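Peer 1: generate coordinates for the sequence data below:
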Amino acid sequence: MSSHNRRSLLRVSRYPTNKRWYFVNNIHYIAKFCGSKPYVFRKESSRVNAPTLAYVVSDKGFANRQKQAQRINDKIDAVKAKEMAGIALTENEKTYYKNLKNKAPTRIDALKKLPKDLVQKFADQWNSYLHYYEENIGYIKPAKRAFHFEFDRDVQELGIANNDPKLLEVCVEKLLKKQDVARAQRILERYTTQNFEHPKDWKK
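Peer 2: Residues are numbered from 1 along each chain as shown. Okay, the predicted model is just below:
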């Protein structure tokens, strides 16, 4: 058994009994697909997840985070008091709360996942981030880092969502008419993974 598998089993051994059975059930289910190739593969996260990053810095989102953190902190304190009183902890309390430390949420980590130009633009206007994401959802694309997103400024300038087939048609027409050629070429290569030199080839 590899060291990675041993570490995985050790982590599972800390799970409550009901979650261990859940884990075993998952392994049993996927075992029949061992060696099979997937039919599809989604390389990036969906754009619908992007506004969530902006929501957590908004006033409403941050208030919810504070409430969630307070509930966890209260549970941590209760478990510590229970242990100090010599009362036996449940398996769930031992696993999830005994070694946790009280934390107070901040917006700093969330801001790190947002585009730097937006952070510079909006600074501490916390509700502006979410509004901007909602207004420009059609121009969002995955960034290089996992679970990060950025705005496609080329597409934004054209005002056509990057999941609208019309975008490709407009870009091909621009190439044929020799209008805004560099931008049109970038967009076509970005969203088709093709790299044709001549406009007529894109028309095909």
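Peer 1: would you map the helices across this structure?
Peer 2: 3-12, 17-30, 50-55, 59-84, 91-96, 108-112, 116-122, 126-135, 153-158, 166-177, 181-192, 199-203 (DSSP state H).
Peer 1: gap between the fifth one and the chain center?
Peer 2: Its chain's average C-alpha position is 28 Å from that of helix 91-96, according to Cα atoms, centre = their mean, to the nearest Å.
Peer 1: quick one: mean pLDDT over that helix.
Peer 2: Average pLDDT, helix 91-96: 81.
Peer 1: for it, output the C-alpha coordinates as PDB.
Peer 2: Listed next in PDB are the C-alpha coordinates belonging to helix 91-96 (Å, rounded to 0.1, in the frame of the first residue of the first chain):
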ATOM      1  CA  GLU A  91     -17.200  11.100  18.600                       C
ATOM      2  CA  ASN A  92     -18.400  14.000  16.500                       C
ATOM      3  CA  GLU A  93     -17.100  16.500  19.100                       C
ATOM      4  CA  LYS A  94     -13.700  14.800  19.300                       C
ATOM      5  CA  THR A  95     -13.400  14.800  15.500                       C
ATOM      6  CA  TYR A  96     -14.600  18.200  14.500                       C
END
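Peer 1: pull out the buried residues from it.
Peer 2: Buried residues in helix 91-96, defined by neighbour count with 16 or more other Cβ atoms under 10 Å: 93, 96. (C-beta placed from N, C-alpha, C; glycine too.)
Peer 1: tell me the domain ranges of the protein?
Peer 2: The chain breaks down into these domains under automatic domain parsing: 3-33, 47-127, 155-203.
Peer 1: compile the ones you listed into JSON lines and extend it with columns for distance to residue 147.
Peer 2: Converted to JSON lines, these look like this (distance: least, Cβ to Cβ, whole Å):
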{"stretch": "domain 3-33", "distance to residue 147": "22"}
{"stretch": "domain 47-127", "distance to residue 147": "7"}
{"stretch": "domain 155-203", "distance to residue 147": "19"}
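Peer 1: for residue 138, find the nearest of the ones you listed.
Peer 2: domain 155-203 (3.0 Å; Cβ to Cβ).
Peer 1: for the closest one, measure first residue to last.
Peer 2: Start-to-end span of domain 155-203 (Cα to Cα, to the nearest Å) is 19 Å.
Peer 1: any low-confidence regions in the chain?
Peer 2: Within the chain, the segments meeting pLDDT under 70 span 1-15, 37-45.
Peer 1: using CSV, write out every CA atom in stretch 129-147.
Peer 2: C-alpha atoms of stretch 129-147 as CSV (Å, rounded to 0.1, in the frame of the first residue of the first chain):
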residue,chain,number,x,y,z
TYR,A,129,-18.3,43.9,-6.1
LEU,A,130,-21.4,41.7,-6.2
HIS,A,131,-23.3,44.3,-8.3
TYR,A,132,-20.5,44.4,-10.8
TYR,A,133,-20.4,40.6,-11.0
GLU,A,134,-24.1,40.3,-11.6
GLU,A,135,-24.1,43.0,-14.2
ASN,A,136,-21.1,41.5,-16.1
ILE,A,137,-21.7,37.8,-15.6
GLY,A,138,-21.6,37.2,-19.4
TYR,A,139,-18.0,38.3,-19.6
ILE,A,140,-16.6,36.1,-16.8
LYS,A,141,-14.1,33.3,-17.6
PRO,A,142,-12.0,31.0,-15.4
ALA,A,143,-8.6,32.3,-14.4
LYS,A,144,-5.5,30.2,-14.3
ARG,A,145,-5.8,29.4,-10.6
ALA,A,146,-8.5,27.0,-9.6
PHE,A,147,-11.8,28.5,-8.4
